[in-house]
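# model the following, please.
(2 chains)
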Amino acid sequence: KQEVTQIPAALSVPEGENLVLNCSFTDSAIYNLQWFRQDPGKGLTSLLLIQSSQREQTSGRLNASLDKSSGRSTLYIAASQPGDSATYLCAVSYNNAGNMLTFGGGTRLMVKP
Amino acid sequence: DAGVIQSPRHEVTEMGQEVTLRCKPISGHDYLFWYRQTMMRGLELLIYFNNNVPIDDSGMPEDRFSAKMPNASFSTLKIQPSEPRDSAVYFCASGPGGLETQYFGPGTRLLVL
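Numbers count the residues shown, from 1 in each chain, chains lettered A, B, ... in the order given. Just a heads-up that it's a prediction; the model follows:
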(Lines give C-alpha, C1' and ligand atoms only; values in the text may rest on other atoms or scores of the structure.)
Protein backbone atom coordinates (compact mmCIF):
# COMPACT_ATOMS: atom_id res chain seq x y z
CA LYS A 1 0.00 0.00 0.00
CA GLN A 2 1.40 3.35 -1.04
CA GLU A 3 2.25 5.71 1.80
CA VAL A 4 3.13 9.35 1.31
CA THR A 5 4.94 11.31 4.01
CA GLN A 6 5.60 15.04 4.14
CA ILE A 7 8.22 16.65 6.30
CA PRO A 8 8.05 19.00 8.08
CA ALA A 9 4.42 19.03 9.17
CA ALA A 10 4.65 22.76 9.85
CA LEU A 11 7.12 25.47 8.93
CA SER A 12 7.40 29.13 9.81
CA VAL A 13 9.85 31.37 7.95
CA PRO A 14 10.47 35.10 7.54
CA GLU A 15 9.47 36.75 4.30
CA GLY A 16 12.06 36.52 1.54
CA GLU A 17 13.54 33.21 2.58
CA ASN A 18 13.97 30.35 0.12
CA LEU A 19 12.50 27.10 1.41
CA VAL A 20 12.16 23.43 0.58
CA LEU A 21 9.24 21.14 1.35
CA ASN A 22 9.80 17.41 1.24
CA CYS A 23 7.63 14.51 0.14
CA SER A 24 8.50 10.83 0.20
CA PHE A 25 6.56 7.81 -1.05
CA THR A 26 7.07 4.12 -0.43
CA ASP A 27 6.22 2.63 -3.84
CA SER A 28 8.18 3.99 -6.80
CA ALA A 29 5.62 2.65 -9.31
CA ILE A 30 3.84 5.96 -9.72
CA TYR A 31 2.45 7.57 -12.85
CA ASN A 32 2.77 11.17 -11.75
CA LEU A 33 3.25 13.35 -8.69
CA GLN A 34 1.45 16.58 -7.96
CA TRP A 35 1.87 19.41 -5.52
CA PHE A 36 -1.30 21.14 -4.34
CA ARG A 37 -1.96 24.21 -2.25
CA GLN A 38 -4.83 24.38 0.23
CA ASP A 39 -5.92 27.61 1.89
CA PRO A 40 -7.95 27.44 5.12
CA GLY A 41 -11.56 26.49 4.44
CA LYS A 42 -10.91 26.12 0.73
CA GLY A 43 -10.40 23.35 -1.79
CA LEU A 44 -7.10 22.30 -3.30
CA THR A 45 -5.38 24.09 -6.14
CA SER A 46 -2.89 22.24 -8.30
CA LEU A 47 0.53 23.93 -8.42
CA LEU A 48 2.74 21.56 -10.35
CA LEU A 49 2.34 18.13 -11.93
CA ILE A 50 5.37 16.00 -12.74
CA GLN A 51 4.89 13.01 -15.00
CA SER A 52 6.82 9.87 -14.06
CA SER A 53 9.21 10.37 -17.00
CA GLN A 54 10.08 13.91 -15.91
CA ARG A 55 12.56 15.11 -13.33
CA GLU A 56 11.21 18.56 -12.53
CA GLN A 57 8.65 21.23 -13.28
CA THR A 58 8.80 24.97 -12.73
CA SER A 59 6.15 27.64 -12.39
CA GLY A 60 7.20 31.12 -11.40
CA ARG A 61 8.89 30.97 -8.00
CA LEU A 62 8.04 27.29 -7.59
CA ASN A 63 10.17 24.36 -8.65
CA ALA A 64 9.31 20.73 -8.01
CA SER A 65 11.67 17.82 -8.51
CA LEU A 66 10.99 14.10 -8.68
CA ASP A 67 13.34 11.20 -7.99
CA LYS A 68 11.26 8.08 -8.52
CA SER A 69 14.00 5.62 -7.68
CA SER A 70 14.50 7.07 -4.23
CA GLY A 71 10.81 7.82 -3.71
CA ARG A 72 11.28 11.53 -3.12
CA SER A 73 10.05 14.87 -4.33
CA THR A 74 10.84 18.39 -3.21
CA LEU A 75 8.99 21.65 -3.69
CA TYR A 76 11.28 24.67 -3.71
CA ILE A 77 9.76 28.08 -3.10
CA ALA A 78 12.01 31.03 -3.89
CA ALA A 79 11.76 34.40 -2.16
CA SER A 80 8.79 33.43 -0.02
CA GLN A 81 5.96 35.92 0.52
CA PRO A 82 3.19 36.15 3.15
CA GLY A 83 0.73 35.17 0.41
CA ASP A 84 2.47 31.81 0.18
CA SER A 85 1.11 30.91 3.62
CA ALA A 86 -1.04 27.80 3.15
CA THR A 87 -0.90 24.03 3.47
CA TYR A 88 1.01 22.26 0.72
CA LEU A 89 0.12 18.68 -0.13
CA CYS A 90 1.85 16.25 -2.43
CA ALA A 91 -0.03 13.41 -4.09
CA VAL A 92 1.08 10.44 -6.16
CA SER A 93 -1.02 8.55 -8.68
CA TYR A 94 -1.02 4.78 -8.47
CA ASN A 95 -3.27 3.53 -11.25
CA ASN A 96 -2.46 3.46 -14.95
CA ALA A 97 -5.03 6.14 -15.66
CA GLY A 98 -2.96 8.35 -13.41
CA ASN A 99 -5.93 9.67 -11.52
CA MET A 100 -6.22 7.71 -8.29
CA LEU A 101 -4.24 9.80 -5.87
CA THR A 102 -2.66 9.08 -2.50
CA PHE A 103 -2.02 12.26 -0.54
CA GLY A 104 0.55 13.13 2.05
CA GLY A 105 -0.46 14.76 5.29
CA GLY A 106 0.67 18.19 4.14
CA THR A 107 3.08 20.86 5.31
CA ARG A 108 1.51 23.91 6.91
CA LEU A 109 3.58 26.93 5.88
CA MET A 110 3.50 30.34 7.47
CA VAL A 111 5.54 33.17 5.97
CA LYS A 112 5.89 36.09 8.37
CA PRO A 113 6.14 39.65 7.07
CA ASP B 1 -16.29 28.59 -15.94
CA ALA B 2 -17.47 28.65 -12.31
CA GLY B 3 -15.33 25.71 -11.34
CA VAL B 4 -16.55 22.71 -9.41
CA ILE B 5 -19.65 23.57 -7.40
CA GLN B 6 -20.59 21.79 -4.19
CA SER B 7 -23.63 22.13 -1.99
CA PRO B 8 -24.30 22.57 0.79
CA ARG B 9 -21.10 24.22 2.02
CA HIS B 10 -21.91 23.34 5.61
CA GLU B 11 -24.17 20.64 7.01
CA VAL B 12 -24.99 19.88 10.63
CA THR B 13 -27.14 16.85 11.28
CA GLU B 14 -27.93 14.36 13.98
CA MET B 15 -26.73 10.80 14.12
CA GLY B 16 -28.97 8.47 12.15
CA GLN B 17 -30.12 11.07 9.65
CA GLU B 18 -29.58 10.79 5.92
CA VAL B 19 -27.09 13.23 4.42
CA THR B 20 -26.84 14.07 0.72
CA LEU B 21 -23.93 16.02 -0.68
CA ARG B 22 -24.08 17.44 -4.19
CA CYS B 23 -21.53 18.24 -6.85
CA LYS B 24 -21.55 19.89 -10.26
CA PRO B 25 -18.30 19.21 -12.14
CA ILE B 26 -16.64 21.46 -14.66
CA SER B 27 -18.32 21.14 -18.02
CA GLY B 28 -16.47 18.84 -20.38
CA HIS B 29 -14.61 16.93 -17.69
CA ASP B 30 -15.04 13.19 -18.03
CA TYR B 31 -13.86 12.28 -14.55
CA LEU B 32 -15.42 13.04 -11.19
CA PHE B 33 -13.92 12.23 -7.80
CA TRP B 34 -15.22 12.26 -4.22
CA TYR B 35 -12.70 12.73 -1.39
CA ARG B 36 -12.93 12.94 2.38
CA GLN B 37 -10.54 14.98 4.55
CA THR B 38 -10.11 14.49 8.30
CA MET B 39 -7.41 15.45 10.73
CA MET B 40 -6.71 11.82 11.56
CA ARG B 41 -6.64 10.30 8.09
CA GLY B 42 -5.87 13.24 5.83
CA LEU B 43 -7.34 13.37 2.33
CA GLU B 44 -8.67 10.08 1.00
CA LEU B 45 -10.23 9.14 -2.33
CA LEU B 46 -13.65 7.57 -1.83
CA ILE B 47 -14.88 6.88 -5.37
CA TYR B 48 -14.43 8.10 -8.90
CA PHE B 49 -16.53 8.11 -12.06
CA ASN B 50 -15.61 8.11 -15.73
CA ASN B 51 -18.34 9.25 -18.11
CA ASN B 52 -20.91 8.87 -15.33
CA VAL B 53 -19.91 5.26 -14.59
CA PRO B 54 -18.38 4.37 -11.20
CA ILE B 55 -14.90 2.99 -11.84
CA ASP B 56 -13.38 2.45 -8.41
CA ASP B 57 -15.23 2.63 -5.10
CA SER B 58 -12.62 0.83 -3.01
CA GLY B 59 -12.25 3.89 -0.80
CA MET B 60 -15.90 3.99 0.25
CA PRO B 61 -15.71 3.21 3.95
CA GLU B 62 -18.96 1.33 4.48
CA ASP B 63 -22.23 0.37 2.88
CA ARG B 64 -23.73 3.42 4.53
CA PHE B 65 -22.00 5.45 1.84
CA SER B 66 -23.26 5.53 -1.74
CA ALA B 67 -22.55 7.75 -4.73
CA LYS B 68 -24.36 8.31 -7.98
CA MET B 69 -23.81 10.27 -11.14
CA PRO B 70 -27.07 10.35 -13.10
CA ASN B 71 -25.67 12.67 -15.77
CA ALA B 72 -22.50 14.48 -16.76
CA SER B 73 -23.31 17.58 -14.74
CA PHE B 74 -24.40 16.19 -11.39
CA SER B 75 -23.27 13.76 -8.72
CA THR B 76 -24.37 12.94 -5.19
CA LEU B 77 -22.70 11.33 -2.21
CA LYS B 78 -25.17 9.95 0.30
CA ILE B 79 -24.61 8.75 3.84
CA GLN B 80 -27.43 6.78 5.41
CA PRO B 81 -27.52 6.53 8.37
CA SER B 82 -24.93 9.12 9.36
CA GLU B 83 -22.65 8.66 12.37
CA PRO B 84 -20.47 11.13 14.32
CA ARG B 85 -17.31 9.56 12.83
CA ASP B 86 -18.50 10.67 9.38
CA SER B 87 -17.79 14.26 10.38
CA ALA B 88 -15.26 15.56 7.87
CA VAL B 89 -14.84 17.84 4.88
CA TYR B 90 -16.01 16.16 1.68
CA PHE B 91 -14.50 17.37 -1.57
CA CYS B 92 -15.63 16.79 -5.10
CA ALA B 93 -13.12 17.15 -7.93
CA SER B 94 -13.31 16.82 -11.68
CA GLY B 95 -10.74 16.37 -14.40
CA PRO B 96 -10.34 15.90 -18.13
CA GLY B 97 -8.70 12.52 -17.70
CA GLY B 98 -5.41 11.12 -18.82
CA LEU B 99 -2.44 12.20 -16.79
CA GLU B 100 -3.94 15.62 -16.15
CA THR B 101 -4.65 17.33 -12.87
CA GLN B 102 -7.91 17.47 -10.95
CA TYR B 103 -9.89 20.58 -10.06
CA PHE B 104 -11.33 20.65 -6.58
CA GLY B 105 -14.52 22.20 -5.31
CA PRO B 106 -14.63 24.22 -2.08
CA GLY B 107 -15.83 21.24 -0.06
CA THR B 108 -18.78 20.46 2.22
CA ARG B 109 -18.04 20.60 5.92
CA LEU B 110 -20.18 17.92 7.59
CA LEU B 111 -20.78 17.69 11.31
CA VAL B 112 -22.78 14.76 12.64
CA LEU B 113 -23.87 15.21 16.25
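# buried residues, stretch A:69-86. List them.
Residues of stretch A:69-86 classed as buried: A:Gly71, A:Ser73, A:Thr74, A:Leu75, A:Ile77, A:Ser80, A:Asp84, A:Ser85, A:Ala86 (neighbour count, 16 or more other CB atoms under 10 Å in any protein chain shown). All C-beta atoms are positioned from the backbone trio N, CA, C, and that covers glycine.
# give me the element the closest residue to A:Cys90 other than its chain neighbours is part of.
Closest residue in space to A:Cys90, ignoring its immediate chain neighbours: A:Cys23 at 3.6 Å, by CB to CB, 6 or more residues apart in numbering or on different chains. Secondary structure assignment for A:Cys23, by DSSP states H and E: strand A:19-25.
# paired strands for that strand, with orientation please.
Strand A:19-25 has the following sheet partners, assigned by DSSP bridges: strand A:4-7 (antiparallel), strand A:72-77 (antiparallel).
# the last one: what's the following helix or strand?
What it means is strand A:72-77. Per DSSP H and E, the first helix or strand lying C-terminal to strand A:72-77 is strand A:86-93.
# same check, this time on the shortest one
Toward the C-terminus, strand A:4-7 is succeeded by strand A:10-14 as the next helix or strand (DSSP H and E).
# show me what the helix or strand immediately after the strand holding A:Cys23 in the chain is in contact with.
Elements were assigned by DSSP H and E; along the chain past strand A:19-25, the next helix or strand is strand A:32-38. Applying CB atoms under 8 Å, 6 or more residues apart in numbering or on different chains, the external contacts of strand A:32-38 come out as A:23, A:25, A:44-52, A:62, A:64, A:66, A:73, A:75, A:86-93, A:98, A:101, A:106, B:99, B:101, B:104.
# now the strands paired with strand A:19-25 as a markdown table including mean pLDDT and distance to B:Gly3?
Converted to a markdown table, the strands paired with strand A:19-25 look like this (pLDDT from 0 to 100; distance: least, CB to CB, whole Å):
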| stretch | mean pLDDT | distance to B:Gly3 |
| --- | --- | --- |
| strand A:4-7 | 96 | 26 |
| strand A:72-77 | 98 | 24 |
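# next up, the contacts around the closest residue to chain B within chain A.
For chain A and chain B, the shortest gap (CB to the nearest CB) falls at A:Gly43, measuring 3.6 Å. Applying CB under 8 Å, 6+ apart to A:Gly43 gives the contacts B:Val4, B:Phe91, B:Ala93, B:Phe104, B:Gly105, B:Pro106, B:Gly107.
# tell me which two of the buried residues of stretch A:69-86 sit farthest apart.
Greatest spacing in the buried residues of stretch A:69-86, by CB to CB: A:Gly71 and A:Ser85 (27.9 Å).
# what's the spacing between the residue lying closest to B:Glu11 once chain neighbours are set aside and chain A?
Computed as CB to CB, 6+ apart, the closest residue to B:Glu11 that is not its neighbour in sequence is B:Leu110, at 4.9 Å. To chain A, B:Leu110 is 14 Å away according to CB to the nearest CB, to the nearest Å.
# which helix or which strand is home to B:Leu110?
With DSSP H and E as the criterion, B:Leu110 is inside strand B:108-112.
# ok, back up a step: what's the local residue count around the residue nearest to A:Cys90?
Using other CB atoms under 10 Å in any protein chain shown, A:Cys23 is surrounded by 26 other residues.
# mind listing the residues bridging to it?
Taking DSSP bridges as the rule, A:Cys23 bridges to A:Gln6, A:Ser73.
# residues contacting it?
Residues near A:Cys23 by CB under 8 Å, 6+ apart: A:Val4, A:Thr5, A:Gln6, A:Leu33, A:Trp35, A:Arg72, A:Ser73, A:Thr74, A:Leu75, A:Cys90, A:Gly104.
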